[in-house]
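> sequence and predicted model, in that order:
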Amino acid sequence: MAVKTYKIAGKNISIVNVVYFLIFMILGALAVWYCIKSINFDEFIMHLKSVNYFYIGLSLVFGFIAFIIRALRWNILINTLGHKPSTYDTYNAVVTGYIANLAVPRIGELTRCATLYKTNRIPVNSLFGTVITERIIDMLSLFVITFIVFFIRMDLFSTFVSERIIEPWKPMLENLSPVSVSLIAIAAIILIVAAYIVFKRLLKHPSMHKFKTMLIGLVDGLKSVFKMNRKFHFIGYTIAIWTCYLLNTYLVMIALPATASLTVADASLLLVLGSLGWVVPVPGGFGTFHALVAWGLMLYGLSFETGLMFATLSHETQLLVMVFFGLIALISVSVMKNKK
C-alpha cells in the first residue's frame, strides 16, 4: 500500500514525514515550556548585562572554524569516491544542512548531499553514505568523550544519571506488577512481529527498487572510510572539530560570572550533555539542549535559572552562527546554480 503524499511548496511530502515532524515539534515545545515556565524574564535580562561578550564573540569564531574543518573532513571521504569538489562548495553544503536541520530534524543530512549535487553533480546516494559515515564517527567520538568525562567527573556524572534518569523512573518500575510486566513483554513481541510482516511486504513493493539503488550508494559511501588515503588527516580533523566545540563551551562558560570559575573539565561535561541535547531529534535542539545543560550546572550548586542562562547563551550563539553563515551559503549556492 502506497503512502499518501501531499504537494507542499512544489514537493511531495508523505503523511509519515508530517507526523514525524509534528511529534518532535510537540516534544520540542514541551521541553521549551518546561525550561521557561518558572523564569523571571526581568532578572534574566538583567543578568545578561553582566556577560563578557568578548568571550561570546570568540566562541562564535570557533563555531565558524568547526564548519570549515567539517568541510575539509567530508572532502576526504568524497575524494575516495573519485570526486574532487572544492572546499568552498563542500562548506556551503555543510552549513546549508545545518539550516535545514533547524526546520526539520535529520533532514540536513540529505539537504547537504542535494546541495553538493546541485553544484558538482555528485550522486546523492554515494554522498549520503559518506554523511552516514561522518555521523557514525561523530557518535563514536561522543561516546569516547563521554567515557573520558565519566572518569574525570565520575562523581558528578553518576549523580546526574541517578537524579535525572534513574530516579524519575524508579517509582513506576517498583510499582509494576508481574501482570504488567507480562503485558509489556507481550506487546513488545506483537510489535516486533508486526514490524517484520510490514518489512517483508515492503520488500515486494515496486518502489523498493529505488530503495535498493539508494542502499548500494549508501554502502559505497560507507566503504569510503576504509579506502581513504588521508586517514591521519581525517582523525586530526575529527579531534579539531571536537576541540572547537569544547573551546566554544568553555568560552561561553567564562563569559558568564556565575560559571567563570569552572574548569575545562567541567566544560567537557557540559559539552557531553549539550551534544546529547542536539542529538535528540527536536528542531534545533530547542528545549532539550537547555534542559540537559541547566541540569548539569545544578550539579555545581547553581540554580536552574543560572544554568538556563548559560544554556541560552551557548545554544543561541551557535544558532546565530548556523543561521548567518547558512543563509550566506544558500545565496551562494543559488547564484552558482543559476550561473551554471
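Received it, and whenever you're ready, just let me know what you need. Numbering: from 1, shown residues only.

> packing partners of the helix or strand hosting G57?
Per DSSP states H and E: G57 is located in helix 53-80. Contacts defined by 3 or more C-beta pairs under 8 Å, 6 or more residues apart in numbering; DSSP states H and E place helix 53-80 against helix 87-103, helix 124-152, helix 208-227, helix 231-255, helix 304-339. Every C-beta, even on glycine, is put in place using the N, C-alpha and C of the backbone.

> switch the cut-off to 10 Å
helix 87-103, helix 108-120, helix 124-152, helix 208-227, helix 231-255, helix 304-339 (3 or more C-beta pairs under 10 Å, 6 or more residues apart in numbering; DSSP states H and E).

> give the buried residues for it.
Neighbour counts using 16 or more other C-beta atoms under 10 Å place 55-56, 58-60, 62-63, 65-80 of helix 53-80 among the buried residues.

> about what we covered before: V282: which of the helices and strands packed on helix 53-80 is closest?
Closest approach to V282 among these (C-beta to C-beta): helix 87-103, 10.4 Å.

> so that closest one versus helix 124-152, what angle?
70 degrees (axes from the mean of the first three to the mean of the last three C-alpha atoms, to 10 degrees).

> now do helix 87-103, average pLDDT.
Helix 87-103 shows a mean pLDDT of 90.

> buried sites along it?
Quick answer for helix 87-103 (16+ other C-beta under 10 Å): 89-102.

> may I have that helix exported as CSV, CA atoms only?
Extracted C-alpha coordinates of helix 87-103, given in CSV (Å, rounded to 0.1, in the frame of the first residue of the first chain):
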residue,chain,number,x,y,z
THR,A,87,36.3,23.1,-0.1
TYR,A,88,34.1,26.1,-0.6
ASP,A,89,31.4,24.0,-2.3
THR,A,90,31.6,21.4,0.5
TYR,A,91,31.5,24.1,3.1
ASN,A,92,28.3,25.6,1.6
ALA,A,93,26.7,22.2,1.6
VAL,A,94,27.6,21.6,5.3
VAL,A,95,26.1,24.9,6.6
THR,A,96,23.1,24.5,4.3
GLY,A,97,22.4,21.2,6.0
TYR,A,98,22.6,22.9,9.4
ILE,A,99,19.9,25.4,8.3
ALA,A,100,17.7,22.5,7.2
ASN,A,101,18.1,20.7,10.5
LEU,A,102,16.8,23.7,12.3
ALA,A,103,13.5,23.3,10.5
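
> what about the nearest residue to W33 once chain neighbours are set aside, distance to Y91?
Closest residue to W33 apart from its sequence neighbours, by C-beta to C-beta, 6 or more residues apart in numbering: G287 at 7.7 Å. For G287, the distance to Y91 equals 29 Å [C-beta to C-beta, to the nearest Å].

> ok, Y55 touching V252?
Yes: using C-beta atoms under 10 Å, Y55 is in contact with V252, at 7.0 Å.

> so what sits against both of those two?
Common neighbours of Y55 and V252 (criterion: C-beta atoms under 10 Å, 6 or more residues apart in numbering): L313.

> what is the burial count for the closest residue to Y245 other than its chain neighbours?
Distance criterion C-beta to C-beta, 6+ apart; nearest residue to Y245, sequence neighbours excluded, is L271 at 5.9 Å. L271 has 25 neighbours, counted by other C-beta atoms under 10 Å.

> equivalent analysis for K118, please.
Neighbour number of K118 under other C-beta under 10 Å is 18.

> how about the contacts made by the residue nearest to Y55 when sequence neighbours are not counted?
In space, and not counting its chain neighbours, Y55 is closest to A255: 3.7 Å by C-beta to C-beta, 6+ apart. Contact partners of A255, counting by C-beta under 10 Å, 6+ apart, are 50-59, 310, 313-314, 317.

> from the residues you listed, which is closest to M154?
F310 (22.4 Å).

> how near is that closest one to N248?
Counting by C-beta to C-beta, the gap from F310 to N248 is 12 Å.

> between the two, which contacts overlap?
Joint contacts of F310 and N248 (C-beta under 10 Å, 6+ apart) are G274.

> surely Y117 touches T96?
No: Y117 is not in contact with T96 according to C-beta under 10 Å; the separation is 11.8 Å.

> next, count neighbours for V335.
10.

> and the gap between it and N92?
11 Å.

> now swap in T263 and tell me
T263 is 37 Å from N92, by C-beta to C-beta.

> got it, and M309?
Distance, M309 to N92, by C-beta to C-beta: 33 Å.

> one more: I189?
48 Å.

> remind me which helix or strand K84 belongs to.
Per DSSP H and E, there is no helix or strand for K84.

> many thanks, I have nothing further to ask.
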